[in-house]
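> how would this look folded up:
(one chain, ligands or ions: 1)
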Amino acid sequence: MDRFSEDGYAVLPGFKSREDLAALRRAEEIATECDRSDVSIFSTRDQAQKSDEYFLTSGDKVRCFFEEDGTTVNKIGHAMHDLDTVFDRFSHDARLAEIANQAGLADPVLYQSMYIFKQPRVGGAVDWHQDAAFLRTDPVSVTAFWFALDDADRTNGCLWVQPGGHRSPLRNQFVVRNGKAELQTLNDTPWPDLSAAVPVEVSAGSLVVFNGLLPHYSAPNRSEKPRHTYTLHAVDACAKYAGDNWLQRQELPLRGFR
Ligand code: FE2
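Now for the predicted structure:
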C-alpha cells in the first residue's frame with residue numbers, strides 16, 4: 001500500500017490462496033442456475049438507457065447480467081458477499097479491513113460485490129470511468145477491491161489505470177430518480193489520453209485496491225483465456241451516502257470487512 005496515496009492504486013500480489021480462488025468457482029454454479037428469461041444487458045457505453053429495473057433493484061440480490069450476445073454471462077451482482085456463504089467467507093477478511101483503513105476509510109461498509117467473467121473472445125470492453133460515479137458519498141469515499149481470479153494481462157483484458165488520476169475531478173454521476181437511471185455530467189475534464197494508461201498485469205490471487213476517483217478501463221478479452229475477477233466496493237460509513245444513489249439497502253443490513 002506504499003504508493004496508494006501517490007498513484008491512487010496498489011497491487012498486493014498473492015493476496016488470496018489457490019484454495020480461496022478455487023472456492024469462487026461457485027460463480028459457475030450461480031451462472032448455470034440463472035434464469036435466462038431475466039436477461040439484462042451490461043454496457044457502460046449506454047448504461048443509463050440499458051439500466052432496467054432488474055439491474056437497479058439488484059443491490060440486495062444475486063442476479064446474472066449478460067453480454068450483448070444475450071447468452072454469455074457477463075457478471076453476477078450485487079450482494080453475494082452478504083447472501084452466498086462462499087462469497088461471504090471470501091469477502092469478510094480482517095486483512096481487508098486493515099487495507100481499507102490504510103486507504104483512508106475509517107469505518108468501511110461493503111455496498112456491492114461483482115463477479116466478472118470476461119469470457120474468452122466474448123468478454124467486452126469497459127470504457128474509462130470512475131467508480132465514484134456509481135457509489136456516491138460526501139465526501140467521496142468509495143474504494144474498489146479487485147481480485148484477480150486468473151492471470152490478467154494485456155491479452156485477456158486486464159485493468160488499465162491512469163496513475164495519479166485520482167486527483168482529477170469526478171466527471172459524472174449515476175443518479176436514480178423514480179426508478180429511472182441517468183448519467184449526469186459534473187465536470188468536462190476529458191478522460192485521459194490512452195498514452196497515459198498503464199496496464200495492471202497481475203497473477204491470479206493478486207488484489208488491486210484503487211481509489212474511487214481513479215480513471216480506469218479494461219479492453220475486450222480477445223484471447224483464448226478466461227479473465228475472471230471478483231470485486232468489492234466499500235464506502236466509509238462516516239460519509240453521507242446519497243439518497244438518489246443506485247443501490248439503496250432497504251432490509252439487508254450493511255456490514256464491514258470483519
Ligand atoms: Fe470500475
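> confidence score at the nearest residue to Arg26 once chain neighbours are set aside?
Setting aside the residues directly before and after it, Arg26 is nearest to Val86 in space (CB to CB, 6 or more residues apart in numbering), at 4.3 Å. To be clear about C-beta, it is placed using only N, CA and C from the backbone, and glycine gets the same treatment. pLDDT, Val86: 98.
> tell me the helix or strand right after whichever helix or strand Val86 is part of.
Using DSSP states H and E, the element containing Val86 is helix 85-91. Downstream of helix 85-91, the first helix or strand assigned by DSSP H and E is helix 94-102.
> buried ones in that next one?
Leu96, Ala97, Ile99, Ala100 (16 or more other CB atoms under 10 Å).
> need the residues you listed in a markdown table with pLDDT and distance to Thr72, can you?
Output for these, formatted as a markdown table (pLDDT from 0 to 100; distance: CB to CB, whole Å):
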| residue | pLDDT | distance to Thr72 |
| --- | --- | --- |
| Leu96 | 98 | 30 |
| Ala97 | 97 | 35 |
| Ile99 | 98 | 32 |
| Ala100 | 98 | 32 |
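> and the two most separated of those?
For the buried residues of helix 94-102, the farthest-apart pair by CB to CB is Ala97 and Ile99; their separation is 7.4 Å.
> now stretch 97-105, how far from the centre of its chain.
Centroid displacement of stretch 97-105 relative to its chain, using CA atoms, centre = their mean, to the nearest Å, is 17 Å.
> next: stretch 94-107.
17 Å.
> which residues are in contact with that stretch?
Defining contact as CB atoms under 8 Å, 6 or more residues apart in numbering, one finds that stretch 94-107 is touched by 1, 4, 12, 15, 108, 141, 143, 145, 207, 209, 211, 232, 234-238, 256-258.
> so which of those residues belong to strands?
Among these, the members falling in strands (DSSP state E) are Leu12, Pro108, Thr143, Phe145, Leu207, Val209, Asn211, Leu232, Ala234, Val235, Asp236.
> quick check on those: which are buried?
Applying 16+ other CB under 10 Å to the ones in strands among the contacts of stretch 94-107 flags Leu12, Pro108, Thr143, Phe145, Leu207, Val209, Asn211, Leu232, Ala234, Val235, Asp236 as buried.
> would you mind giving those as TSV with distance to Arg154 and pLDDT added?
Below are these laid out as TSV (distance: CB to CB, whole Å; pLDDT from 0 to 100):
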residue	distance to Arg154	pLDDT
Leu12	21	98
Pro108	31	98
Thr143	25	98
Phe145	22	98
Leu207	20	98
Val209	21	98
Asn211	23	98
Leu232	24	98
Ala234	28	98
Val235	31	97
Asp236	33	98
